[in-house]
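Asker: quick one: sequence and predicted model below, then my questions.
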Amino acid sequence: MFVKELHCLRCGTVHAADQVIQTCSCGAPLLAVYDSGQITAALRKEDLAARPNSLWRYRELLPVRDAAHIVSMNEGMTPLIPLEKLGRELGLTDLRLKDESPQPTGTFKARGASVGVSRAKELGVRTLAMPTNGNAGGAWAAYCARAGIRAVLVMPRNAPAMNRMEIGMLGASLFLVGGVITDAGTVVNRAITEHGWLNAATFKEPWRIEGKKTLGFELAEQFGWEAPDAVLVPCGGGLGIIGIYKGLRELQKIGWIGPKLPRLIAVQSAGCAPMVRAFREGKPDVEFWENAKTCAFGITAPRPLGAFLTLEALHKTNGCAVAVDDAAILRAQKALAAREGCHVCPEGAAPLAALPELRRSGIIGPRDRVVLLNTGTGLKYPETADYKAREIAPDASIA
């Protein structure tokens, strides 16, 4: 493959790509850089037609050098579903849902896990550890199981029970801790120092984002190699936004798409919105969000490490960051299910919850091609389900 090196976007230091490495010496995340000229010579858009419908169809733009190390369960190439009813209600002519619920383990975390675990396997990693709110842990546990890598996962004890059961069933070493994901991260950091394991936390290693960027590749391909006008992304750590932005920029460098990029819009819960606060105040990075709490547990990230990269992507695409309360998220979750047949996770409902205000403010126009990113299946969150059922006798009549 054509990965050249790793760059720190904070201090500019360049690192070799073929090594087990965490962050830059300055503490900032590292991003992979590819040889665009070699990719252009080796790969054409037309070549994709004969390839499997997984994210590994873009293998020249991914970091694994030897295909024998790829750990895959056919993740990627998820559907782009028209939301015609909700679009009409919101005065939009083209509203679609990029639905990640069919992914292995049920969420878009499978993208980062497939690429991150594959690269870890190639580099000889035997044990990795990470803090998780749940879905990332489930995905990394699954791919580590296939790769023969030990996964040590630390999770807030009030994380959804479904995620705890999933991780346990997948054979990972699971530890529960009081507090939020930053508290879990403190435990992981101590273990990394003591045991020398790979820290696979968000932004603590450079390969997870390479899986997430395939969302940008797929959106471009699904729109006929044109960018939509706006993409609304649930935002906790911000890796989804950074990944989409990185993927689209790489497609520009190899000449597959033009200069237009979608406005990237970060959607957070009002109960944990450090990115929104930083964006509104014009700050280059976030401050810790006290007492973080939301029904959309997966986007509870009080102070994500790579927030400065997320904010940069928002500014570079003329996007923005917005917050919605839990009541609006739960209404949107029910509307997507009852109106469009899409049972999304609460995180995936947050973008729809943000749309009415974005329409009123004019940030989203009536003819914009708008994509909402659903990051996973609602089946993992039975506690957010709002439904009615009546018990009846076997001989009862119903109408």
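Answerer: Yep, that arrived. Note that this is a predicted model, so its numbers are computed, not measured.

Asker: now the lowest-mean-pLDDT helix or strand in the chain: buried residues?
Answerer: Every helix and strand of the chain was ranked by mean pLDDT, DSSP states H and E. The lowest is helix 161-169, at a mean of 93. Of the residues in helix 161-169, M162, N163, R164, E166, I167 count as buried by neighbour count, 16 or more other C-beta atoms under 10 Å. C-beta: built from backbone N, CA, C; applies to glycine.

Asker: quick one: distance of that helix to the chain centre.
Answerer: Relative to its chain's centre, helix 161-169 lies at 19 Å (C-alpha atoms, centre = their mean, to the nearest Å).

Asker: pull the residues that contact it.
Answerer: Contact with helix 161-169 is made by 105, 132-135, 137-138, 141, 153, 155, 174, 176, 380-382, as judged by C-beta atoms under 8 Å, 6 or more residues apart in numbering.

Asker: phi, psi for L80 please.
Answerer: Note on L80: backbone dihedrals following degrees, to the nearest 10 are phi -110, psi 100.

Asker: so it sits against Q222, correct?
Answerer: Yes: applying C-beta atoms under 8 Å as the test, L80 and Q222 come out as touching, 4.8 Å apart.

Asker: the chain: strands as residue ranges?
Answerer: With strands called from DSSP state E, the chain shows them at 3-8, 14-16, 30-34, 80-82, 94-99, 127-131, 150-156, 173-177, 198-199, 230-234, 263-269, 320-324, 369-374.

Asker: can you pull up the most central residue in the protein?
Answerer: G240 (3.8 Å; C-alpha atoms, centre = their mean).

Asker: quick check: that residue vs R390, distance?
Answerer: 40 Å (C-beta to C-beta, to the nearest Å).

Asker: do T107 as well
Answerer: 32 Å.

Asker: could you do L30 as well?
Answerer: Taking C-beta to C-beta, one finds L30 at 56 Å from R390.

Asker: same check, this time on R111
Answerer: From R111 to R390 the distance is 41 Å (C-beta to C-beta).

Asker: between these two, which one's more packed in?
Answerer: Neighbours were counted for R111 and for R390 using other C-beta atoms under 10 Å; R111 has more, 29 against 6.

Asker: mind pulling up the pLDDT for the residue lying closest to the more buried one once chain neighbours are set aside?
Answerer: Spatial nearest neighbour of R111, chain neighbours left out: G211 (3.8 Å); criterion: C-beta to C-beta, 6 or more residues apart in numbering. In this model, G211 is scored at 98, pLDDT.

Asker: how deep is G211 tucked in, by neighbour count?
Answerer: Number of residues near G211 (other C-beta under 10 Å) recorded here: 30.

Asker: thinking again about what came up before, out of everything not next to it in sequence, what's closest to the residue nearest to the centre of the chain?
Answerer: V233 (4.8 Å).

Asker: just checking, that neighbour touches Q268?
Answerer: No: checked against C-beta under 8 Å, the pair V233 and Q268 is beyond contact range at 10.1 Å.
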